[in-house]
Structures are given as C-alpha cells and as structure tokens.
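1. Sequence below, structure please.
(chains A and B)
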Amino acid sequence: MERSKACSAALTPEQTEAMKVAAKQLLIRLIHGWALLGGALLILIVLITAVNAAGFTANAIARIWGENVSGLPGYEDAVQMIVGVAAMMMFPYAQLYRAHAAVDVVMQYAPLWANRVVAILSGIALATLLVWMAWMLAQGTLQVRADRIETTVLGWPVWIFMPFAVISCLLWAAAAILDVITPVEIPDGA
Amino acid sequence: MERELIGVYGLVALFFLIMLRIPVALAMLLTGIIGTWVLSLVSPFIRFVPYLQQFKTALWNSVANYDLSVVPLFVLMGFLAAETGLSRDLFQGLSALTRKIRGGVAMATILACAGFGAVSGSSIATASTMSRVALPELRRLNYNEGLSTGVLAAGGTLGILIPPSVALVIYAIVVEAPIIEMFQAAIIPGILAVIFFLIVVRFRLARNPDLAPDPEPLSEEQTRRAIRRLIPVGLIFGSIILGLGMGLFTPTPAAGVGVFLILIYGIILRFVSEDGLTFARLKSALLATAKTASMIYFILFSADILKGFFARTGLPAALSDWAAASTMDPYLILLAMLIILIILGCFMESLSMILVVVPFFWPVLIQLNGGEWVSAEDAAFGLTTDELRIWFGILALIVVELGLITPPVGLNVFVIKSFSPKTGLGVIFRGVAPFFAIELVRVGVLLALPILSLYLPSIL
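-> Residues are numbered from 1 along each chain as shown, chains lettered A, B, ... in the order given. This is a model prediction of the structure:
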C-alpha cells in the first residue's frame, strides 16, 4: 500500500497519462490479436472442410471401382468445437468497434449528452453481465470437466475448449469498459 | 393472465430499450433475464436462481453449434470475395456483356448484386461491396444519380434471399425447417426479383432515356478480357449454388469449400497479377468477419434467452390459442403479419426481427392453417405445415428485406449514402421507390402462387 502510494506520488500527470495510453494500446492490440487468432481458427475449419470434401469426392470416384475412401472421421465434432472457440474470440473485437446492431431512429435526434449517458449505462450493464457470465462459464467449465462430457465421435473433452470462452468474456467486458472510458476511434469504412 | 401481461410489458420494454439505441442483442438479453426475474416474483413455478444456472453453459452452447458454423464461414466468404476482387470481376464482366444496351451497366449492377449476394449472404455487405465497385463506374458513364443509387440499394436487398443466405439459415433454425430446402425454395423468388428489377430499369429508361448514357460497347478484346474474368467467378459461385441446390453439399461444407476456392483463387491471382490475396487483405477480411459474425452470434444467443422468457409468459401460446378460435380470414391475418414485418423492418435490423417476431407469428400460423398435422386438403392455406414453414419464410424474408430500402431507416440506403455523401437521401429514396413498388408486386405474386417457392424443394 505504502509502496503503491509512493509510486503514484512519483509519477507526473504526463507519465500517468502515457501509462493509460499504453495500457489502452496494449488492450486494443490484445483484442486485435485475439480476433485474428479466431480468424485463423476459421481458416483451419476451411482447411479441414476442404480435406473432408476431397475425401467425399475421392470416395464418389473410388466407388466406381468398388473401393471406399472415407472423409475425416469426427469432422462435425471438430468444427463444432473450433467454431465455438473462434466465435468467442471475435466478440471483444466487435465490441471494441461497436459492431453490434443498434437502432438509431430516435437517439439521432437526442442531445449528445443523452446519447453519451445511454452509451455509458449500456456499456456498464454489458460489462457487468459479461463479468458475471465469465464467472458462470468458469463454473460451467469445472462442471463439464467433472461430468466428463466429451464430443460424440472424437471423444474430445469439451471443457478444454471452454476457458477460451471465459477469457473472451473478460476481454469483451474490458472492451465495453474501454469504450465507456475512452471511446475507440473507428476508422472510415470500418 | 398475469403472466401474459408481463410478456406484453416485456415486449414494450424490449422496444423501448432498442429505441434508446442500446444494442439490440443487449436489449434482448436484459429483457429476457429481468423479465424472468419479474415472472419468478408472481409465479411460484418459475424459480430465478435455478434459471440462472443455465448461463454456466448457455453462451458456449450457442456458439459451439455445428449448424451455426455456417454463419461465420458464409460471412468470411463474402468478405474474401470482395478482398480478392471477385466482386469487381463479376461486375466488370457483366457490364462488358450488357454495355451494348441502354442502361446495360445499371442492369449489370443488379445481376452482379445477385451474384455477389449468393456468396455474401448479407444485404448490407452486398450493398456496400457493390457500391464500392459499381458506383464509380456508373458515375463515370453519367448515369442518373437516382437510378444508380436506387439500383444499388435495391440490388443489395437480393443478398438476404439469394441462397446461400445467413438470414435463411437463421429462419430455418428458428422454425426448425431444413436449411437446404429453404435455400432451394429461395431460388425462384430470387430469380423473380432479379427479373422484376431489370424490368424496372427498362421501364424507367423507356419513360426517360436521359437517365442513362448512350450504349458504349467495349472493343472485342476488352469484352473478351472481361468475360475471361467471369469464368473463375462463375465456377466458384456456380459450384456453391449448384452443390447446395442439388443437395450435394450441406451448408457448412459448402461454405467451407467456397472459402477454400476463393482463397486458392486469390493466392493464384497474386502470383500472376497485381491483384489477388495479400496478407493484409486476408487480415482485413478476417477482422471484418469478426465484427459481422459476432454481431450475429450475440443476437442469436440473446434471442434464445428472450425466447425462453416469452415462452414462460405463455404469450406465444395465448396468441396461437386466439388464432385457433379466431374466425378471421387466415389470409388477412397473414397479410397483417407481413405488414407488421415491413413496418418493423423500417426500424430494426433484419436478423433481430426474424428472431423476435417469427417465434410469435409461427405458432399462430400453424393454428390458422388448421394445426400441426393438418393435410394440405384440409388446411386453410392449402399447404402442409412443412410447406407453410417454407412459404412463410420466403415471404417473411422478402418483406424484411423491404425494410432495408424503406424510410426512415432503410439501412441499405444509408450504406449507399456513405459511399455517395453528396447525393441527398431524398434522391436515393426516390430512386429506390420503383423497386420498392415492384417488390410489393413480387410479394403479391408469391402470396398468390405458393408453388413458386415450393416447386424446387419438391423436385430436388
């Protein structure tokens, strides 16, 4: 406590501001990276699908000679788990750039302060919900692990994928809070 | 009655929150959770704390869903098609073919919108991508501003219906219809829309030839080059649509293969020309996908929570009981539903609308038709429940897409406006008005002739 007081006393307002900016940039980069990782998982699904489709095509041809070529066993299982992780990883990025659909019919005529109040309240409500949801998901992960729930064909333990959802919820909440404190500038056309 | 009343209050609260510009998905989630808490106070059978336990896995279960994996893949396919220049090739190829006739480039824009709509599955994405590609060319050729922007705004709406469409997938999931049959059912109405839009362009030019410049055919070499660029586009888009239409692919593999083909095409193009897929373009497509797919997933998750709340209030069941006892003409009620969808479409995002409104309308329609197990001969609409599911889906999606070009919101109009800031909103809305009118005619035709929606699923 004493030490932290001493530290904050030693920082000039400029340094504090610089630290805030650095923290914001770090969070934004983290969210970008997290979303790109989700995107990379989508590409992985695409590659798995291509191999699977090639298998089916080869099978259709091989059947002419009475042979069989199988597709990827457990394809649906793999896609289901990977897409779950990929989708969760994309939420914080969408929040950061206010991509969630909203209706602007009434509020476009409201004063700026009213818009800001609504944005702050909805940001806080969302962040609170998400922190709670992360807590519930963490409990859910432990429960799924205890219940030894596995995917149908591949037998992958489902719980190992769920921590990504917990982290995503926390990052999503952080993005909502960041938008309340200092709205992120959205580039044209983004 | 008390429970139903809470349901009505919930509905009012939902629209109030949405009007406050709170994100639609958040408004749905808050209404669902708080509404259930209020219900638990008045109903001894609903316990709030056990209800909350579902959130341990609800979000995960809604995203880790094989059926929905098609959503991010279709979205990615659309963005990749735009980034690799497929949308531009499509437009340029088509406009080279149609340039010989007056208004040909405007017609090519509609055809390109339909083609791009087939891979993007989203009206907004279609409108924005095609605006970027076609608007500068239409301007350069001195096309009338109202006609150009109207064609783009209306053409953009084709994305929601031309299969494979994300909205069709979502509707199919809501009413438990086979996704492939929904895709097949949308083909003829989609083609009908394209033909009707082309007729509008011809009609407007017949009345006022000055809206478009004199035909300006390209040289043979230019035409050949443009048509050559159409070949990969045709192969990629055609294989997806044919594969889906003929039932060779299920939606997720179709989307996956589509993305794969576009990736390969983009990489090859990169090696042989300046165009094609760079790492920066891939990154841009992935990040754009992140935004759109997350928006859809959040709405889907929240809609599920909201649906649970409304089911507990008994409101949808009360409405369907009312429909069963009603002596009103079923067609009148269906018409009223479509009008409600058009009105709501002016304010609400289309996907949220499908998710909020269809669960209310669908049980009502089943009762109006004569119950879940009614035969086509005894049914009020002359259709079995499965046929009704498909027919209503097509009608509902068409009127939902009408909202995209209806004042005061008309999202597509605003998308076009963002690409053409100097054009007044009034000019764009006036430009789009004839297309809106012909869309109403199309709804009438499809209402009168359900076979247009049901023929392909019955034979494929």
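2. Tell me how many other residues crowd residue 155.
-> The chain I'm using is chain A. By other Cβ atoms under 10 Å in any protein chain shown, the residues close to A:G155 number 9. No exception for glycine: its C-beta is placed from N, CA and C like everyone else's.
3. hm, I was asking about chain B
-> There are 30 residues near B:G155, going by other Cβ under 10 Å.
4. before we move on, what about B:V42?
-> 11.
5. and what of the one 3 residues further on?
-> Taking other Cβ under 10 Å as the neighbour definition, B:F45 ends up with a count of 8.
6. For A:Y97, see how far away it is.
-> Distance, B:F45 to A:Y97, using Cβ to Cβ, to the nearest Å: 43 Å.
7. Kindly report the same for B:L395.
-> For B:L395 relative to A:Y97 (Cβ to Cβ), the value is 34 Å.
8. Which residue, neighbours along the chain excluded, lies closest to the closest residue to chain A within the stretch 301-450 of chain B?
-> Proximity of the stretch 301-450 of chain B to chain A (Cβ to the nearest Cβ) peaks at B:E349, 4.0 Å away. Closest residue to B:E349 apart from its sequence neighbours, by Cβ to Cβ, 6 or more residues apart in numbering or on different chains: A:A101 at 4.0 Å.
9. so that neighbour sits in a strand?
-> No - A:A101: not assigned to a strand; according to DSSP: H, G, I helix; E, B strand; the rest coil it is coil.
10. That one contacts B:S302, doesn't it?
-> No - if you go by Cβ atoms under 8 Å, A:A101 and B:S302 don't touch, sitting 10.8 Å apart.
11. For those two, indicate the residue with more neighbours.
-> Comparing A:A101 with B:S302 by other Cβ under 10 Å, the one with more neighbours is B:S302, at 26 against 20.
12. The helix or strand harbouring B:L344 and chain A, are they touching?
-> Using DSSP states H and E, B:L344 maps to helix B:330-345. No - Helix B:330-345 is not in contact with chain A by Cβ under 8 Å from any Cβ of the partner chain; minimum separation 10.3 Å.
13. Who are the packing partners of the very next helix or strand once past that helix?
-> As assigned by DSSP H and E, the chain's next helix or strand after helix B:330-345 is helix B:350-369. Applying 3 or more Cβ pairs under 8 Å, 6 or more residues apart in numbering or on different chains; DSSP states H and E, one finds that helix B:350-369 makes contact with helix B:24-42, helix B:166-175, helix B:279-313, helix B:315-325, helix B:330-345, helix B:385-402.
14. so the first one versus helix B:350-369, what angle?
-> It stands for helix B:24-42. 50 degrees (axes from the mean of the first three to the mean of the last three Cα atoms, to 10 degrees).
15. Pull the CA coordinates from helix B:24-42 and hand them back as CSV.
-> In CSV, the C-alpha atoms belonging to helix B:24-42 read as follows (Å, rounded to 0.1, in the frame of the first residue of the first chain):
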residue,chain,number,x,y,z
VAL,B,24,-30.4,-5.0,-29.9
ALA,B,25,-28.7,-8.1,-28.5
LEU,B,26,-28.1,-6.5,-25.2
ALA,B,27,-31.7,-5.2,-25.1
MET,B,28,-32.9,-8.8,-25.7
LEU,B,29,-30.7,-10.2,-23.1
LEU,B,30,-31.7,-7.7,-20.4
THR,B,31,-35.4,-8.1,-21.2
GLY,B,32,-35.0,-11.9,-21.1
ILE,B,33,-33.2,-12.0,-17.7
ILE,B,34,-35.0,-9.2,-15.9
GLY,B,35,-38.4,-10.4,-17.3
THR,B,36,-37.8,-13.9,-16.0
TRP,B,37,-36.9,-12.4,-12.6
VAL,B,38,-40.2,-10.4,-12.6
LEU,B,39,-42.1,-13.6,-13.6
SER,B,40,-40.5,-15.5,-10.7
LEU,B,41,-41.9,-13.0,-8.3
VAL,B,42,-45.5,-13.6,-9.5
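16. Any buried residues in whichever helix or strand comes after that helix, and which?
-> Sequence order places helix B:48-52 as the next helix or strand after helix B:24-42, per DSSP H and E. For helix B:48-52, burial by neighbour count (16 or more other Cβ atoms under 10 Å in any protein chain shown) applies to B:Y51.
17. Which residue, other than its chain neighbours, is closest to B:R99?
-> Per Cβ to Cβ, 6+ apart, closest to B:R99 is B:P217, 5.4 Å.
18. Look at the one you found and give its secondary structure.
-> coil.
19. where's B:A437 relative to B:A212, distance?
-> 20 Å.
20. Could you do B:W373 as well?
-> Taking Cβ to Cβ, one finds B:W373 at 54 Å from B:A212.
21. Would you mind telling me which of those two has more residues around it?
-> The neighbour comparison of B:W373 against B:A212 (other Cβ under 10 Å) goes to B:A212, with 24 against 9.
22. and that one, what does it touch?
-> Going by Cβ atoms under 8 Å, 6 or more residues apart in numbering or on different chains, B:A212 touches B:R102, B:G103, B:V105, B:A106, B:L141, B:Y143, B:N144, B:L147, B:L205.
23. on that earlier part again, the residue nearest to B:R99 - how many residues pack around it?
-> Going by other Cβ under 10 Å, the residues that sit close to B:P217 add up to 13.
24. That one contacts B:R102, correct?
-> No - B:P217 lies out of contact with B:R102 (Cβ under 8 Å); the separation is 11.6 Å.
25. residues contacting the residue of the stretch 301-450 of chain B closest to chain A?
-> So B:E349 contacts A:A101, A:V103, B:V24, B:I299, B:L411 (Cβ under 8 Å, 6+ apart).
26. Excluding residues flanking it in the chain, which one is nearest B:A285?
-> B:F79 (4.0 Å).
27. and the angle for the helix or strand the one you found falls within with helix B:279-313?
-> According to DSSP H and E, B:F79 maps onto helix B:70-83. Angle, helix B:70-83 to helix B:279-313, by the same axes, to 10 degrees: 150 degrees.
28. Compute the inter-axis angle for helix B:70-83 and helix B:166-175.
-> If you take the same axes, to 10 degrees, helix B:70-83 sits at 180 degrees to helix B:166-175.
29. Can you tell me which helices and strands helix B:70-83 packs against?
-> helix A:13-62, helix A:75-96, helix B:104-120, helix B:123-140, helix B:166-175, helix B:251-272, helix B:279-313.
30. quick one: B:P359 and B:Y171 touch, right?
-> No - counting by Cβ under 8 Å, B:P359 does not reach B:Y171; the two are 11.0 Å apart.
31. more neighbours, those two?
-> More neighbours surround B:Y171 than the other of B:P359 and B:Y171, with 26 against 18 (other Cβ under 10 Å).
32. thinking again about what came up before, report the two of the contacts of B:A212 separated the most.
-> For the contacts of B:A212, with distances taken as Cβ to Cβ, the pair at the greatest spread is B:L141 and B:L205 (13.5 Å).
33. Any regions of chain B where pLDDT drops low?
-> Across chain B, the ranges flagged by pLDDT under 70 are B:1, B:121, B:245-247, B:408-409.
34. Near the closest residue to B:P213 other than its chain neighbours, how many other residues are there?
-> Computed as Cβ to Cβ, 6+ apart, the closest residue to B:P213 that is not its neighbour in sequence is B:N142, at 4.9 Å. Under the neighbour criterion other Cβ under 10 Å, B:N142 is assigned a count of 13.
35. where's B:N142 relative to chain A, distance?
-> Note on B:N142: its distance to chain A, by Cβ to the nearest Cβ, to the nearest Å, is 26 Å.
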